[in-house]
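Trainee: I need the structure of the sequence given here:
(one chain, ligands or ions: 1)
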Amino acid sequence: MAKTTTKQKAFFKEESISRDNCSLCGLYTKVKSPKLDYTGGGRLNALIIGENQGRTEDDRSLQFCGESGQLLREEFADNSLDFEKDFYKVNAVRCRTFSGNANRTPTKKEIMYCRPMLEKTLQRIKPRFILLFGSTAIESFYMKEFSFEAINLWRGLIIPDTRYKAWVMPLFHPSYIIRNEKDMNLYSVFKRDIDRALEFVVANQNTEFPEPPALKPTILTNYNAIVKALTDINNSKEEYLCTFLVWLQTVCLEVNRNILFF
Ligand code: SF4
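Mentor: Residues are numbered from 1 along each chain as shown. I've put the predicted structure just below:
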């Protein structure tokens, strides 16, 4: 009998994690389209990660085919892109979450149980671009790496993720825009973020994923150290990036060599 290879062992381990997690989670027993796998043509090697199935998605076994999906399809079409053929799409939680007849936001446990399934998709597709729609998608993608998922802190960023060698773009979930349809300012931010993200995906189809810059972070914790650092910067010819609590922005910039954290 042939020996099980390391690759096969890893695969079975992953499968068993998923199976056990599904038993713990139990959502798959209550829905029409359990464990809905990713769909889409993926011509641009970009993966859209949503939150969870709504009723329409569960009925039709297809992600983003309800009202939210319609809004996204229109935005993508405005950018001459085909939502189905150009992108892969999957949800952070693969079974519909609901209370009575109403859809509900997935719990943290459900997101955690379903994370291995997302990992499997990421490993299989190896997307070059990842669009995270909504805070559930952000939480699932980053899990414990960050303690905050508030979408306002993330939206509009284009983050080079060295784990997956992919560009990650967090965006407002379209359902949030629909729930606040009178807020034209919100809609214009949503539209601008999407346009920018899609433009980036198209423009960077053939560019290499950058190697992480050689950073030399320095954390300054007192007044004198800050004054000295600023004086040194003033006298130096090197390029510095100074970060004041908005540190996430640093990750998204083409950083040069030095970072100061205050
Ligand atoms: S939501 Fe995810 S973990 Fe839960 S049963 Fe469905 S596929 Fe399994």
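Trainee: name the element K109 belongs to?
Mentor: Following DSSP states H and E, one finds K109 within helix 108-125.
Trainee: adjacent strands (with direction) for the very next helix or strand once past that helix?
Mentor: Note on helix 108-125: by DSSP H and E, the next helix or strand toward the C-terminus is strand 129-133. Strand 129-133 has its sheet partners listed here by DSSP bridges as strand 46-52 (parallel), strand 166-171 (parallel).
Trainee: before we move on, back to that, tell me what angle the helix holding K109 forms with strand 166-171.
Mentor: 140 degrees (axes from the mean of the first three to the mean of the last three Cα atoms, to 10 degrees).
Trainee: against which helices or strands is helix 108-125 packed?
Mentor: With contacts taken as 3 or more Cβ pairs under 8 Å, 6 or more residues apart in numbering; DSSP states H and E, helix 108-125 sits against helix 6-25, strand 46-52, strand 87-93, helix 135-142. Every residue, glycine included, has its C-beta placed from N, CA and C.
Trainee: so what's the gap between that helix and the chain middle?
Mentor: Counting by Cα atoms, centre = their mean, to the nearest Å, helix 108-125 is centred 12 Å from the centre of its parent chain.
Trainee: what about that helix and the ligand, touching?
Mentor: Yes: residues of helix 108-125 contacting the ligand under Cβ under 6 Å from any ligand atom: E110, Y113, C114, M117.
Trainee: alpha carbons only: can I get that helix in CSV?
Mentor: Provided in CSV are the C-alpha atoms of helix 108-125 (Å, rounded to 0.1, in the frame of the first residue of the first chain):
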residue,chain,number,x,y,z
LYS,A,108,-17.5,35.2,16.3
LYS,A,109,-17.6,31.5,16.9
GLU,A,110,-19.2,30.8,13.6
ILE,A,111,-16.6,33.0,11.9
MET,A,112,-13.9,31.1,13.7
TYR,A,113,-15.3,27.6,12.9
CYS,A,114,-15.5,28.5,9.2
ARG,A,115,-12.0,30.0,8.9
PRO,A,116,-10.3,26.7,7.9
MET,A,117,-12.7,26.5,4.9
LEU,A,118,-11.6,30.0,3.8
GLU,A,119,-7.9,29.0,4.3
LYS,A,120,-8.5,26.0,2.0
THR,A,121,-9.9,28.4,-0.7
LEU,A,122,-7.0,30.8,-0.3
GLN,A,123,-4.5,27.9,-0.7
ARG,A,124,-6.3,26.4,-3.6
ILE,A,125,-6.9,29.7,-5.6
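Trainee: can you get me a residue count around C25?
Mentor: Residues lying near C25 (other Cβ atoms under 10 Å) number 20.
Trainee: contacting residues for it?
Mentor: Contact analysis of C25 by Cβ atoms under 8 Å, 6 or more residues apart in numbering lists C95, K109, E110, Y113, C114.
Trainee: if any of the residues of helix 108-125 next to the ligand are buried, put those into a PyMOL selection.
Mentor: Buried residues within those, by 16 or more other Cβ atoms under 10 Å, are selected in PyMOL with:
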select buried, resi 110+113+114+117
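Trainee: can you lay out the residues of helix 108-125 next to the ligand as JSON lines showing distance to S99 and pLDDT?
Mentor: As requested, the residues of helix 108-125 next to the ligand are exported to JSON lines (distance: Cβ to Cβ, whole Å; pLDDT from 0 to 100):
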{"residue": "E110", "distance to S99": "13", "pLDDT": "95"}
{"residue": "Y113", "distance to S99": "18", "pLDDT": "94"}
{"residue": "C114", "distance to S99": "18", "pLDDT": "95"}
{"residue": "M117", "distance to S99": "22", "pLDDT": "93"}
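Trainee: Throw the residues of helix 108-125 next to the ligand into TSV and include distance to M184, thanks.
Mentor: Below are the residues of helix 108-125 next to the ligand laid out as TSV (distance: Cβ to Cβ, whole Å):
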residue	distance to M184
E110	33
Y113	38
C114	35
M117	37
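Trainee: widest-spaced pair of the residues of helix 108-125 next to the ligand?
Mentor: E110 and M117 (11.4 Å; Cβ to Cβ).
Trainee: surely N180 touches P174?
Mentor: No: between N180 and P174 there is no contact under Cβ atoms under 8 Å: 11.0 Å.
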